[in-house]
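Engineer: need a 3D model of the following:
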Amino acid sequence: MRTLLAVLLPIFICASPASAETSKAVPAALPIQTLKEKLKSLTVRSTHVQSDNLIFDLPVTYNKKVSKWIAHYQSPRGSKWFREWLQRSYKYMPFIQKELKQAGLPLDLAYMVMIESGFAPNAISHADAVGPWQFIEATGTRYGLNKNWWLDERRDLKKSTLAAIRYLKDLHSEFGSWYLVAASYNMGENGLRNRIKKYGTKDYWTLIKLNALPLETQEYVPKILAAMLVAKAPNLYGFRGLEKMDPLEYEIVLAPGGTDLGPLADHLGVTRKSLKDLNAELYLGYIPRQVDKHYIRVPKGAGSLVSTYVHENNRKVALE
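Structural biologist: Next up is the predicted model:
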C-alpha cells in the first residue's frame, strides 16, 4: 500500500525506467515540503478526489513509457475515448473488483479490463479475442467459457471475470510477478516462457530494455499503470465533470426458449441496448426456441415484470 503523497509524486516528477516493480524514490534534492504543499493545494481544489481511491495494490512504476501513455490519455485524441472509459468504470469497476477481492487478487487488476476492452462487452480484437477480458476462443474454452451458435460466454462480464481470475492465478503461480502476468496475458504464456528462458531474466523492464517482447506487450503494462494513475485521481489529470454511471446491479431470472431481449426491453421500459449489454453472451439477442430455458439478467427490481411478460408470452405462443 502507498500513501496519498507517494502515489501522486509522479504528477510532479518524472523518474527513469525502473528495473523492479517498485515506485521511484524521491530524489534527495527535491524538497519534500514543497511537494506536500502542492499536494495540499491540489486536493483542496479537487474536492471530488477520494483518498481511498489513491491506494494501489499493484506495484507502481513511473517511467517514460508510463508518462507517454498518461500524456496520450490527456491528449485531444486520447482523452475523448479515455473519458468514456472513466465514465463506464463507475458502472463496471465495483463489480469486477468485488470478484477480485473475493478471490484474494489485487483489485487493480480490474484496470486490465479498461485497457483490454474499455469495459465493452462486445469488443472484438483483430486477433478475434472477444468480450471485456478479451479471451481468445481456445483460452476461453480452457477456462470454462462456452461458445456455440447462439451463446458466447466470453462476452458475459460475470462469467468472463471468474474465468480471468482462474487464469490470472495460474499465470501468477508460474511467473510470480504481476507485470509478467499482464505480459503473458497479452502475448500468451508460451511466448513469454520462451523469452524468459532465452534472455535469462524474469524482470519485465529488463525484457523491454533487451527488446525481447513484442511491441504491443512492451506497451501493455505501461498502459495499465497510466490508466491506474489517471483513473484514481481524474481531476488532477484534467478529467473533470465526469458522468458517473450507476454501479451495475441486476436480478437473475429464468427465461424460456424464444425469449427475445428487444421486446422484453420495451416491456420493461429500458433501452434495448442496455438489456442486450446486460446479456451480452446472447449475441443473437434472443434465446432460441429449441433451447428449453436460460438464465438472463434484468435490471434490479424488474424480476416480477419479467415473470409477467414471460407468462403472457408463453400463452401467446401456445395459442399460435
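Engineer: burial measure for residue 312, as a count.
Structural biologist: Residue 312 has 11 neighbouring residues, counting by other CB atoms under 10 Å. Just so you know, the C-beta spots here come from the backbone N, C-alpha and C atoms, and that holds for glycine as well.
Engineer: how close does it sit to residue 259?
Structural biologist: For residue 312, the distance to residue 259 equals 12 Å [CB to CB, to the nearest Å].
Engineer: likewise residue 87?
Structural biologist: According to CB to CB, residue 87 stands 30 Å off from residue 259.
Engineer: neighbour count winner among these two?
Structural biologist: residue 259 (25 against 16).
Engineer: need phi/psi at residue 130.
Structural biologist: Dihedral pair for residue 130: phi -130, psi 150, per degrees, to the nearest 10.
Engineer: low-confidence ranges in the stretch 51-200 of the chain?
Structural biologist: Within the stretch 51-200 of the chain, the segments meeting pLDDT under 70 span 51-53.
Engineer: let's check: the centremost residue of the chain is which one?
Structural biologist: The structure's the chain has its C-alpha centroid closest to residue 113; by CA atoms, centre = their mean the separation is 1.9 Å.
Engineer: once you drop chain neighbours, what's closest to it?
Structural biologist: residue 132 (5.1 Å; CB to CB, 6 or more residues apart in numbering).
Engineer: over to that neighbour. Which of the three states is it?
Structural biologist: For residue 132, the secondary structure call by DSSP: H, G, I helix; E, B strand; the rest coil comes out as coil.
Engineer: hmm, it is touching residue 123, no?
Structural biologist: Yes: under the criterion of CB atoms under 8 Å, residue 132 makes contact with residue 123 at 7.0 Å.
Engineer: identify the residues contacting stretch 183-197?
Structural biologist: 112, 167-168, 171, 174-175, 180, 202, 204, 207, 212-214, 216-217, 220-221 (CB atoms under 8 Å, 6 or more residues apart in numbering).
Engineer: which among these count as buried?
Structural biologist: Buried members of the contacts of stretch 183-197, scored by 16 or more other CB atoms under 10 Å, are 112, 167-168, 171, 175, 180, 204, 207, 212-214, 217, 220-221.
Engineer: closest one to residue 119 out of those residues, please.
Structural biologist: Nearest to residue 119, judged by CB to CB, of the buried ones among the contacts of stretch 183-197 is residue 112 at 11.0 Å.
Engineer: so that closest one, which state does it fall into?
Structural biologist: What three-state DSSP gives for residue 112 is helix.
Engineer: re the thing from before, narrow the contacts of stretch 183-197 to those in helices?
Structural biologist: Of the contacts of stretch 183-197, the ones assigned to helices by DSSP state H are 112, 167-168, 171, 174-175, 180, 204, 207, 216-217, 220-221.
Engineer: list just the nearest of those to residue 244.
Structural biologist: Checking the ones in helices among the contacts of stretch 183-197 against residue 244 by CB to CB gives residue 112 as the nearest, at 21.4 Å.
Engineer: any idea how far residue 164 is from that closest one?
Structural biologist: Plainly put, residue 112 is 8 Å away from residue 164 if you go by CB to CB.
Engineer: and for these two, which residues touch both?
Structural biologist: Common contacts of residue 112 and residue 164 (CB under 8 Å, 6+ apart): residue 133.
Engineer: wait, what's in contact with the nearest residue to residue 252 once chain neighbours are set aside?
Structural biologist: Distances taken as CB to CB, 6+ apart place residue 295 nearest to residue 252, at 5.3 Å, with adjacent residues excluded. Each residue near residue 295 by CB under 8 Å, 6+ apart is listed here: 252-255.
Engineer: which one (most neighbours) among those?
Structural biologist: residue 255 (25 neighbours).
Engineer: which element is it on?
Structural biologist: Assessed by DSSP states H and E, residue 255 sits inside strand 250-256.
Engineer: mind listing residues that contact that strand?
Structural biologist: Strand 250-256 is contacted by residues 278, 287, 292-303, 306-307, 310, 314 when judged by CB under 8 Å, 6+ apart.
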